[in-house]
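**Student:** Quick one, structure for this:
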Amino acid sequence: MFIEKKRVGKNIKFYLAHSYRENGIPRKIRKYLGANLSKKELEQKQKLAFKIVCKFISELNTDIFNFSLTPSQMSSLNKLDKEIKIVKLSKESLATFTKEFVYNTNAIEGSKLLMQDVKEVLDSNKKIHDFDELEAKGVARAMKYIQGTNEELSLELIKKLHFLCFNKTKAFAGKFRDVEVVVKNSLGEIVHQGILVKDLNFYLNDLISWYIKNKSKLKPLILAGIVHNQFELIHPFQDGNGRVGRLLLNFILFKNKYPPINIYTEDRQKYYSVLQEYQLYQNLKPTIEFLVGQYNKNLKKGGLHKIEK
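**Tutor:** Predicted coordinates for the structure are as follows:
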């Protein structure tokens, strides 16, 4: 959900808006908040309208995961998949990638650790108590786990990855949320609302069922992009969804013997942009183009510099 402003004469009218698709057709809900509102008035009106819009959304009974690709879309996306060079990475290269991944995926979520700090934390056996350092260790454990497991995608795997990341820092590690969540931008505007708690199990199971049905039909990069984006739409945890979603992306790539992808913190605004393009319009192409770009950037920066033939 997001705030829309409309100038009418000398007045500025505010609306709480939500975009969705119904039978493939883009739709939008708008709830009028008022005109010429102060920041405090806007916040109060937004909270009331948010509950009304959420209730309306829950009554729409539209499938959040009604995702399909036409043959032409499939062909176009598969061409992008071919831009990923399939290589086998050495242990040293994987260790380098893990440090890069841990630094960037945590920095996207606000970690203050520098790249050198992450290297020192992961290379040292000393006891640590700092919040950011503990989460660096946790994400590294989860990354190591997905490199070696033979498991299929499941709810248990998703919860395990969350637990590995956050069991030292979050009381709800490994547990799906029992509260509603929203994602806000830097202006405090709501840009995304997670699936309502009462519907979480339905949509999570729908995601797993979809994956099982389509895992052999789609190229690995396309499959990984869809699962990642859909997971972020559902937002099943109270916190930590971004990091688990990026681990799931690489879990599917590793499982299909594709090289992993690191999303750089300096590109996070573009990352959020392609996620929103999927959320609003189910347009996957920007995500796949972005992932290919991030992979090529990783190659140039040396994050995957040692490759076994």
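**Student:** Please, where are all the helices along this protein?
**Tutor:** Secondary structure of the chain (DSSP state H): helices at 39-60, 71-81, 91-108, 115-123, 131-148, 155-166, 200-214, 220-234, 241-255, 268-281, 285-301.
**Student:** any chance of these in a markdown table, plus distance to Asp178 and mean neighbour count?
**Tutor:** Just so you know, the C-beta spots here come from the backbone N, C-alpha and C atoms, and that holds for glycine as well. Formatted as a markdown table, the helices of the chain follow (distance: least, CB to CB, whole Å; neighbours: other CB atoms under 10 Å):
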| stretch | distance to Asp178 | mean neighbour count |
| --- | --- | --- |
| helix 39-60 | 16 | 14 |
| helix 71-81 | 36 | 14 |
| helix 91-108 | 25 | 20 |
| helix 115-123 | 32 | 16 |
| helix 131-148 | 22 | 20 |
| helix 155-166 | 14 | 21 |
| helix 200-214 | 9 | 15 |
| helix 220-234 | 15 | 23 |
| helix 241-255 | 15 | 23 |
| helix 268-281 | 23 | 16 |
| helix 285-301 | 30 | 18 |
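**Student:** need those helices in JSON lines with distance to Phe172 and mean pLDDT, can you?
**Tutor:** Output for these, formatted as JSON lines (distance: least, CB to CB, whole Å; pLDDT from 0 to 100):
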{"stretch": "helix 39-60", "distance to Phe172": "22", "mean pLDDT": "65"}
{"stretch": "helix 71-81", "distance to Phe172": "36", "mean pLDDT": "68"}
{"stretch": "helix 91-108", "distance to Phe172": "18", "mean pLDDT": "94"}
{"stretch": "helix 115-123", "distance to Phe172": "23", "mean pLDDT": "96"}
{"stretch": "helix 131-148", "distance to Phe172": "14", "mean pLDDT": "97"}
{"stretch": "helix 155-166", "distance to Phe172": "8", "mean pLDDT": "98"}
{"stretch": "helix 200-214", "distance to Phe172": "13", "mean pLDDT": "91"}
{"stretch": "helix 220-234", "distance to Phe172": "16", "mean pLDDT": "93"}
{"stretch": "helix 241-255", "distance to Phe172": "12", "mean pLDDT": "97"}
{"stretch": "helix 268-281", "distance to Phe172": "23", "mean pLDDT": "89"}
{"stretch": "helix 285-301", "distance to Phe172": "28", "mean pLDDT": "87"}
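**Student:** Now render those helices as TSV, adding distance to Arg30.
**Tutor:** Shown next, in TSV, are the helices of the chain (distance: least, CB to CB, whole Å):
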stretch	distance to Arg30
helix 39-60	9
helix 71-81	30
helix 91-108	31
helix 115-123	44
helix 131-148	39
helix 155-166	34
helix 200-214	25
helix 220-234	21
helix 241-255	27
helix 268-281	14
helix 285-301	25
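**Student:** Relative to Lys10, which of the ones you listed is closest?
**Tutor:** For the helices of the chain, the distance to Lys10 is smallest for helix 39-60, at 17.7 Å, taking CB to CB.
**Student:** wait, which of the helices of the chain is closest to Gly9?
**Tutor:** Taking CB to CB, helix 39-60 is the member of those nearest to Gly9, at 19.4 Å.
**Student:** what sits against the residue nearest to Tyr271 when sequence neighbours are not counted?
**Tutor:** What sits nearest to Tyr271 in space, not counting adjacent residues and going by CB to CB, 6 or more residues apart in numbering, is Ile263, at 5.6 Å. Neighbour list for Ile263: Asn104, Thr105, Ile108, Arg246, Tyr271, Leu291, Gln294 [criterion: CB atoms under 8 Å, 6 or more residues apart in numbering].
**Student:** repeat that with 10 Å
**Tutor:** Under the criterion of CB atoms under 10 Å, 6 or more residues apart in numbering, the contact list for Ile263 reads 101, 104-105, 108, 228, 242, 246, 249-250, 270-271, 290-291, 294-295, 297-298.
**Student:** Could you report the distance from Leu223 to His162?
**Tutor:** Per CB to CB, to the nearest Å, Leu223 is found 21 Å from His162.
**Student:** now do Ile108
**Tutor:** 16 Å.
**Student:** before we move on, the earlier item: go through the helices of the chain and name the closest to Asn11.
**Tutor:** Evaluated with CB to CB, those place helix 39-60 nearest to Asn11, the distance being 13.9 Å.
**Student:** What is the neighbour count of the residue nearest to Arg7 when sequence neighbours are not counted?
**Tutor:** Once flanking residues are discounted, Arg7 sits nearest to Lys13: 7.8 Å by CB to CB, 6+ apart. By other CB atoms under 10 Å, the residues close to Lys13 number 15.
**Student:** pretty sure Asn256 contacts Ala224?
**Tutor:** Yes - in this structure Asn256 lies within contact range of Ala224 using CB atoms under 10 Å: 8.1 Å.
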